[in-house]
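**Q** Show me how the following folds:
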Amino acid sequence: MQAHPFTTLILNDNNKNYVTQIPVILEERDDKLYITGHVARHTDHYPALANGHEALVLFTGPHCYVSASWYSRRGQASTWNYMSVHARGTVRIMDDDETLEHVTAMTHQYEDAQAVPELAENMTPDYIKAQLKAIAGFEIAVTSLDAIFKLSQNRDDESYKTIVSHLISSDDINDISMAGELLKRRPHLFE
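**A** Coordinates of the predicted model:
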């Protein structure tokens with residue numbers, strides 16, 4: 001979740017689904033996990049958030065195609081390996097001060113590593129005020145976490161080694177990341 005904070009936020013309000021992709025921040029307080037983010041007020045998504053329904057936040061990690069031609073036995077279907085986390089919780093809209101704290105934290109999270117960071121506290125008060133009118137910060141108190149994954153765990157050792165070999169030799173960062181995840185799960189095959 002920390003490694004992949006660009007999420008898909010899903011809400012249902014009046015039997016209609018609202019989906020948007022946004023970066024979030026994770027915070028632990030009092031042994032509870034909170035997800036904070038913000039959305040534009042002039043979207044269909046904002047009223048659904050303001051109604052305080054349960055939200056689903058989908059964190060998507062590395063993923064890749066796995067060809068059946070890599071298996072030791074032929075005549076089987078190809079698949080897709082993936083890692084994700086489904087976080088559910090109740091939504092609370094932040095007030096302006098909390099939203100400003102969130103935006104400030106988010107600018108630090110992504111800007112501190114820049115040579116000349118563009119931080120919220122360096123922006124003019126008029127600009128900040130206008131931006132706060134246009135966005136709504138929210139906090140989700142997480143009530144459940146479900147790790148969902150498919151990592152070729154059902155494959156025999158020979159197939160598993162071949163899958164890793166193909167993925168690690170790829171030019172695609174997702175393939176290479178997935179190869180690393182597979183290596184962690186059966187390291188004895190690669191000693």
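**Q** mind listing what Ala141 touches?
**A** Counting by Cβ atoms under 8 Å, 6 or more residues apart in numbering, Ala141 touches 32-34, 89-90, 92. From N, CA and C alone the C-beta is placed, and that goes for glycine too.
**Q** 7 Å instead?
**A** By Cβ atoms under 7 Å, 6 or more residues apart in numbering, the contact list for Ala141 reads 32, 34, 89-90.
**Q** Now, of the residues you listed, which are buried?
**A** 34, 89 (16 or more other Cβ atoms under 10 Å).
**Q** what separates stretch 126-135 from the chain centre, distance-wise?
**A** 26 Å (Cα atoms, centre = their mean, to the nearest Å).
**Q** Okay, buried residues for it please.
**A** 128, 132, 135.
**Q** again, but for stretch 30-39
**A** 33-39.
**Q** With stretch 174-185 instead?
**A** Of the residues in stretch 174-185, those buried by neighbour count under the rule 16+ other Cβ under 10 Å are 174-175, 177-179, 181-182.
**Q** Tell me which residues are up against it.
**A** With Cβ under 7 Å, 6+ apart as the test, stretch 174-185 has contacts from 62-64, 81, 83, 151-152, 160, 163-164, 167-168, 170, 190.
**Q** Of those, which is the most crowded?
**A** Leu167 (26 neighbours; other Cβ atoms under 10 Å).
**Q** What strand or helix carries that residue?
**A** Assigned by DSSP states H and E, Leu167 falls within helix 157-168.
**Q** can I get the CA coordinates of the next helix or strand after that helix in PDB?
**A** Downstream of helix 157-168, the next assigned helix or strand under DSSP H and E is helix 173-185. The C-alpha trace of helix 173-185 is given here as PDB (Å, rounded to 0.1, in the frame of the first residue of the first chain):
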ATOM      1  CA  ILE A 173       9.000  -2.900 -15.100                       C
ATOM      2  CA  ASN A 174       5.800  -4.700 -13.900                       C
ATOM      3  CA  ASP A 175       7.300  -8.000 -15.200                       C
ATOM      4  CA  ILE A 176      10.600  -7.400 -13.400                       C
ATOM      5  CA  SER A 177       8.800  -6.400 -10.200                       C
ATOM      6  CA  MET A 178       6.600  -9.500 -10.300                       C
ATOM      7  CA  ALA A 179       9.700 -11.700 -10.900                       C
ATOM      8  CA  GLY A 180      11.100 -10.200  -7.700                       C
ATOM      9  CA  GLU A 181       7.900 -11.100  -5.800                       C
ATOM     10  CA  LEU A 182       8.000 -14.600  -7.100                       C
ATOM     11  CA  LEU A 183      11.700 -15.000  -6.200                       C
ATOM     12  CA  LYS A 184      10.800 -14.100  -2.600                       C
ATOM     13  CA  ARG A 185       8.200 -16.800  -2.300                       C
END
